[in-house]
Structure formats: C-alpha cells, structure tokens
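# sequence first, predicted coordinates after that:
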Amino acid sequence: MASSANRLDRYPVDEHGNLEHYPSSVRSRLWSAGNEPFAAELTFVDGRRGRSAAVFEWRDAGGRVYPMFMTDLLDVLHHKAVDRGVVRGVWQVRKRGQNYGLALAPAELPG
C-alpha cells in the first residue's frame, strides 16, 4: 500500500510534460514546478517490465503519459472503480529508488 506521506517536491518530465520513469542523465532534465495532488481521469495505455520493476502507463486527457509502479496499481484496483481501462482520482507523483511513478494521492487512501 502507498505511503501516507509524500515529501517529493518535484519530478522529472520530458519536453511534452510526460513523467519520466527513469530520468536519463544524457537528456537535459526538465522538472515539474511542484508536486501537488491533482484530479484527473486516466486511461490505461500499456504495461511492461522495466529493468527493476513492472511499469504500467496511463494517459490523461491532455495526452501526457504517467508510469505507475505495480504496488500503486494495486492501490488503484483496491480503492477505485476502473471502467474499461478508465479511472478517475486524485493523483500525486512518488519516487521509489531512482524511479518515479504516479500514485493515488494519500487523501484517496483509507487511514
């Protein structure tokens, strides 16, 4: 289950505003202005196995893509209604090791 606190101030994005799961030191890094929870409807796009974890990708209405860790996907499946790959919620980016991913905001999770 996701942590109740999120102390991540900002996160890496690409030139289109997509969340970078594993930011490359080769590319010039762009950073978000902050990491406030945001409401959005997301559509499931793809799942794949990365170097260190399974990653699930979601797309918002603006076309931005957000990777999600498997543990955070389990939170979504336990606490939200997913209808044909579409889910609404309040989201926030988190970091695990050197990777970044989208998760339900702490307020969306029980106690």
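Thanks, I have it.

# all helices of the protein, in order?
Taking DSSP state H as the test, the helices found in the chain are 70-79.

# where does it dip in pLDDT?
Counting by pLDDT under 70, the chain has low-confidence residues at 1-5, 25-28.

# how about the strands in it?
Applying DSSP state E to the chain gives strands spanning 12-13, 30-31, 38-49, 54-59, 65-69, 86-96, 99-104.

# redo those as JSON lines? Include mean neighbour count and distance to D75.
For glycine as for every other residue, the C-beta is placed from the backbone atoms N, C-alpha and C. Shown next, in JSON lines, are the strands of the chain (neighbours: other Cβ atoms under 10 Å; distance: least, Cβ to Cβ, whole Å):
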{"stretch": "strand 12-13", "mean neighbour count": "19", "distance to D75": "22"}
{"stretch": "strand 30-31", "mean neighbour count": "13", "distance to D75": "25"}
{"stretch": "strand 38-49", "mean neighbour count": "13", "distance to D75": "13"}
{"stretch": "strand 54-59", "mean neighbour count": "19", "distance to D75": "12"}
{"stretch": "strand 65-69", "mean neighbour count": "23", "distance to D75": "9"}
{"stretch": "strand 86-96", "mean neighbour count": "18", "distance to D75": "10"}
{"stretch": "strand 99-104", "mean neighbour count": "24", "distance to D75": "5"}
